[in-house]
Structure formats: structure tokens, C-alpha cells
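> Sequence first, then the predicted structure, then my questions.
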Amino acid sequence: MSAVQRNRNWLWFFAALVVLGAAAVAINWAYNARQQLTMDQLRAAEERWDKNGPADYDLTIDKTYQSATGDEPRTDHFEVTVRGRKVVQATMDGRPLDRRLWDEYDVDGWFGFVERFLEMDTTPGAPRTFRAAEFDPQTGQLLRFRRSVSGTHERQELVLTLTPAEPL
């Protein structure tokens, strides 16, 4: 076997590296694409919530966000009391929340929050974003929502904890 033939054997090694590298990128891309929240998934969760969600519950929300400018992340803590599908009390970081805003802080309001981001992110010319959500399989309640804008520091994350309650 000549020296030229032996050197060509190394080409197979580098070809395998290229193929494995491309496979790793493709698998990662496919995994992330499958996690992307769609409007159909959001609508299905809302329908489950309308059918199976409790009318009386206490909701705590931790909302963490960071602006596109890279400021330090900020977290707000909300506590919301819902009875008969109506908010009867709401606080943000321990302070009473303005009554005119209450409807935005029950589970239906948080569905609207996520929907606005979905609409904004899917308009033509919008920056590329990653959006993922977790929903309760029985009630459809939003459990967690994460969103980040590619190429920026902009991030949002919601963590919602619902505790069913007795009517007042």
C-alpha cells in the first residue's frame, strides 16, 4: 500500500466527523422546533380550561423578564384570588393590584398574555423567537411559559401555580 493510499484513509475519518456534526445540529434543531408553542396548542389548552378548569382557585404567578438591552432580570410575584371565575383580590409583590387590571391576572388573562406574544412573534418580519409552554393535561391550565428573542437578551418566563379553593 503506497503512502498516497494511506493518507486517503484519513479522509473517511473527517467525513464521518462532518456527518456526525451535521446530525447533531439537525437533531437539536428538530427538537427545538417540536417544542415551539403554536396557536393550535394554545387554543386546545384554552378549550380544556373552559370545560374542566375550576371556578374557584388561588393563583400564584412568578413572572421573570429581561429587556432586550440586557438589564438585570426582574421577577414580579402575583397572588390572585378567583371565585366564581371572577378575580376578587390580586396583589403584585405584596401590594394591591389596580382593580381595573384584575381580569388580566386570572388564568384566562394569562392565556391572553401568551396569545399576544404568539401573534407578535408570527407576524411577517418579526425577529426569530423561541416559545414553549406547559399545560395541565386535564384542565388545560397554563403551568409555565418561556419566550426568548434570538440575538437579544429579551426573555420572559411565567410560572403559574393554581390551588383549587372553596367558594366564598
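Sure thing, it's come through. Note that this is a predicted model, so its numbers are computed, not measured.

> got the residue ranges for the strands in the protein?
For the chain, applying DSSP state E gives strands covering 57-66, 74-83, 86-92, 95-96, 129-135, 142-149, 155-164.

> Lowest mean pLDDT among the helices and strands of the chain, which one is it?
Ranked by mean pLDDT, DSSP states H and E, the weakest helix or strand in the chain is helix 3-35, scoring a mean of 68.

> pLDDT below threshold where in this protein?
1-7, 23, 25-35, 168 (pLDDT under 70).

> Let me see the domain layout of it.
Here the domain parsing of the chain from automatic domain parsing is 1-35, 38-164.

> Mean neighbour count, those: which tops it?
Stretch with highest mean neighbour count among the domains of the chain: domain 38-164 (a mean of 15; mean count of other CB atoms under 10 Å). C-beta coordinates here come from the backbone N, C-alpha and C atoms, glycine included.

> That one: end-to-end distance?
End-to-end distance of domain 38-164 (CA to CA, to the nearest Å): 28 Å.

> ok, now stretch 144-161?
So stretch 144-161: terminal residues 9 Å apart, CA to CA.

> How far off centre is that stretch?
Distance of stretch 144-161 from the chain centroid (CA atoms, centre = their mean, to the nearest Å) equals 6 Å.

> repeat for stretch 148-165
6 Å.

> First-to-last residue distance for it?
Stretch 148-165: ends 33 Å apart by CA to CA.
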